[in-house]
Structures are given as structure tokens and as C-alpha cells.
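Engineer: model the following, please.
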Amino acid sequence: MEPMMTGAEHESTIASDEEDVPVHYLDHAATTPLRPEAAEAMARVTQGDLWANPSGGHLMARRARRAADDARDELAELFGARPSEIVFTSGGTEADNLAVYGTVGHGGPREGQAVLCSAIEHPAVRQPTRDLGGVEVAVDGRGRVDLDVLEATLSAATRAGTTVGLVSVILVNNEVGTIATLNAVADVVRRHAPEAILHTDAVQAHQWLDVAVSAARADLISVGAHKFGGPKGIGLLVVRDGLHLSPRAVGGGQERDRRAGTLNVAGVLGMAAAARATANHRDEDLVRIAALRDRLADGLSAAIPGLIETGVAAATADQRAATMSDRSSKVAGNCHVCLPGVETEALLYLLERAGIMATAASSCASGAQEPSYVVEALGQPREVALGALRLTLGAASTDADVDAALVAVPAAVERLKLFS
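Structural biologist: Reported below is the predicted structural model:
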């Protein structure tokens, strides 16, 4: 399969004091370009005759509903669910929120019961867990849940007479790309808290994994369309049959009384088309993208002294000297590094000027840059985590993107160190 059209191929440029430079998009974990298949499917609504409200009773409404039902069937097959188990949402964040608040939050079937999540969850899970007084479970240097800690935490809850209502573990981390050992997590949960609901945030997973297999033992699965070439503003939550969920959006009976609101038919059709196209091309894309990522990571490691590749080895004292060759625990498109002593905000500015679109995967609080809690959870000290840089590839990535990054990133780091 030929890579999708990139910004560089469309001759997109950004203004520079010196000259216009081509754009190289290395931020696919943030969002992805819309797949042509998704655009074509959505045009059936935006330019066709499927724009009626699917909750209505007349002919046009029934046509829209049938199209949405067909897409629901397609998505159910791709994500290992029954059509009745698909709850459409506005995206991954809402799906994650619904999974937590809808089960152990106010009015939920497990209201008041304990909630556990990994220490590297997306904020859409982490914040609700904290709001409900939940516990974060430690991960190892690669970002995988420490099963001994999980077991000890569940055992302690049992001894204290505390019922664990929900355990949430992200399937693919959005920052460092770690793939969870979800089957092993499920084994521990079923052994020590057999009644607990197991949720996984699979928003970052579909491009890289067969979620129907990888998340087969999860009770709740969150998905967001724009991470795999679908439109923004649409996602879904798989809710296994028999599991009650308290709705957060009320005022209508849509989605079997689990999420009120007029169905976004265009979004649903676009998501289904993008999901199918992604699955059809996944195997060949994985080989090509992994080769690009390895060339990028190896090249940066060779060119930048002191660089730490994140999530590929346990965080030990001699990590800086490690070869960092084992990336089996990460998805193919993720290149996450830490650059100790480098101010990430300044680095991103220089990279943007060079046409490289990337992110630090960190936030700003009270005007001061804060380190990534994900990187710190992997065992890295604050000063290392402050230098985090995430470069992520996808179906649209090309050799030219990697070539440009291999020139721009070392040059920017060298320039910053000269003035530090």
C-alpha cells in the first residue's frame, strides 16, 4: 500500500524568517489525517440523502438508521463485540469518562466501590479515577503494569473489606506507546477481584493491534475514530451485554438508554470506513512504519549524546549506556525520547521552524513547564522527564519525514546546548 498523502506531498509550507519550509507531520498519536474511505462514507450524509435524524419514524430517518446500523455491525465485528454492545460517543475522552463515572460514579451500578487504574492512564481516565478517590498502580520501566503491585493492591483491598468495582489499564499508552500485557492483568484481576469490571482505553490501539483479540477479556473498551484516520468528534465504548451503565448524558433514549443525543450518522459511517481500511492495511503498514520508526530512533540515538529512548528498557542506572534496541513492548509508530538538559518548549519552537510537527507530551501549569507524569511513572527523574519529545508516525508517514527529523532534531538540540 502506498502511504497516504502527506503535508509535504501537498507542498504545504510554514513561514520562516529565512525561507518557507515543507511540513513534516510527526504527531500521529495526537491525530491522523482523514482517510479517503472515511471521507467517501461521510459524503453519503454530507452530500447525499442520509442526513435525516435516525431516531425518526419516516422513510428518510429509516434510511439513515439502516446506514448507521450497518456501520455499527462493521465496528462490532472489528472490535470483537456484538452490535448491541456498541455505545457511540463523541470520542475517546467521553468513552473513558463514561466507563469510569458510568460504573463507579454517582448513580452507577458500582457506586462507592473502589477504582484502580495504571499510573500512565490518559487524563480522561486518570482524572475521573482521582475524582473518585481511586488508586494508581505502578508500572515498570517500560510502562507495563507491575503485576506484583496490582496483586498486592487487590489483596489489600480484600483484607480491608473493600470491594473493587473497576480496574482500568490503557491498552496502548498515548505518550510512550507501551502495549499493555492485558491478558496478564486480567488474570490477576479475575483471581483477586472476580466481580470487578475491567476497562481498557484502546483509543491508540486500532492502528497497531487487533483490538478484538488484544482486548477480548475487557468488559469495557474505549475507541476514538480520529486516531486511525476517522473523523474527529466520534468514538465508541464497548459495553459487554449484561453490564449496566449509568448514562452521563440524559434526555433521550438513544444507544439503549446509555447515551442520549442525536446520533452522528456521518461520524459513525466515517469511523466504520476508516476502521475497516486500517484493519485491511494493518499488516503491511506495520512493517513499513516500524522500519521508519527504527531508523528514526536509531539515528537520533547515534546523533545525540545522552539521549534516552523511553519505554524500551527498565529505568536503571546504566540506562544511558544501553543500546535501546528492544522496542517489542511499544507500537510501531512511537519514537519517544528524553533529552536531559534540553528545554522542550524551545526545542519544539526550533523544530516547528524547521517544519517538524512534534510534541513534548507534557503540560504547562502556572506558567512553568511540568514534566510528563507518564515519563516519571516509568522511573525517570524530573530533570530527564522535562526533556521529553514524542515523535509519532502513521500511515501517512514517509522516508522524507524521517530524513527531515534526523537533520532537524540533532541540529536543534546542538543549538540549544550551545546557548544553555
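Engineer: not counting sequence-adjacent ones, nearest residue to Gly224?
Structural biologist: Excluding the flanking residues, the one nearest Gly224 by CB to CB, 6 or more residues apart in numbering is Gly92, at 3.0 Å. The way it works is simple: take the backbone N, C-alpha and C, and place the C-beta from them, glycine included.
Engineer: let me fix that, I meant to ask about Ser155.
Structural biologist: Nearest to Ser155 is His192, by CB to CB, 6+ apart, at 5.8 Å.
Engineer: who touches that neighbour in this structure?
Structural biologist: By CB atoms under 8 Å, 6 or more residues apart in numbering, the contact list for His192 reads Glu151, Leu154, Ser155, Thr158.
Engineer: OK, contacts around the residue nearest to Gly224?
Structural biologist: His122, Ala124, Asp201, Val203, Ser222, Val223, Gly224, Lys227, Gly235.
Engineer: in a markdown table: those, plus distance to Asp283.
Structural biologist: Below are the contacts of Gly92 laid out as a markdown table (distance: CB to CB, whole Å):
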| residue | distance to Asp283 |
| --- | --- |
| His122 | 27 |
| Ala124 | 29 |
| Asp201 | 24 |
| Val203 | 21 |
| Ser222 | 24 |
| Val223 | 20 |
| Gly224 | 22 |
| Lys227 | 18 |
| Gly235 | 24 |
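Engineer: what's near enough to touch Ser329?
Structural biologist: Arg142, Gly143, Arg144, Thr178, Ile179, Gly311, Val312.
Engineer: check contacts around the closest residue to His28 other than its chain neighbours.
Structural biologist: Spatially, and ignoring its direct neighbours in sequence, His28 is nearest to Gly394 (3.3 Å; CB to CB, 6+ apart). Residues in contact with Gly394, defined by CB under 8 Å, 6+ apart, are His28, Thr32, Gln207, Ile289, Gly333.
Engineer: all helices of the chain, in order?
Structural biologist: 36-46, 59-78, 92-104, 123-131, 147-159, 182-192, 211-214, 254-257, 265-303, 344-353, 373-377, 382-385, 399-418 (DSSP state H).
Engineer: most neighbours per residue, which of these?
Structural biologist: Highest mean neighbour count of those: helix 92-104, a mean of 26 (counted as mean count of other CB atoms under 10 Å).
Engineer: let me know the angle separating that one from helix 123-131.
Structural biologist: 30 degrees (axes from the mean of the first three to the mean of the last three CA atoms, to 10 degrees).
Engineer: average pLDDT across helix 92-104?
Structural biologist: Taken as a whole, helix 92-104 has an average pLDDT of 98.
Engineer: for stretch 243-263, same thing?
Structural biologist: Mean predicted confidence for stretch 243-263 is 92.
Engineer: tell me how far the ends of that stretch are from each other?
Structural biologist: 22 Å (CA to CA, to the nearest Å).
Engineer: which residues touch it?
Structural biologist: Counting by CB under 8 Å, 6+ apart, residues outside stretch 243-263 touching it are 53-55, 68, 84, 87-89, 94, 97-98, 101-103, 105-109, 197, 219-220, 239.
Engineer: which among the contacts of Gly92 count as buried?
Structural biologist: His122, Ala124, Asp201, Val203, Ser222, Val223, Gly224, Lys227, Gly235 (16 or more other CB atoms under 10 Å).
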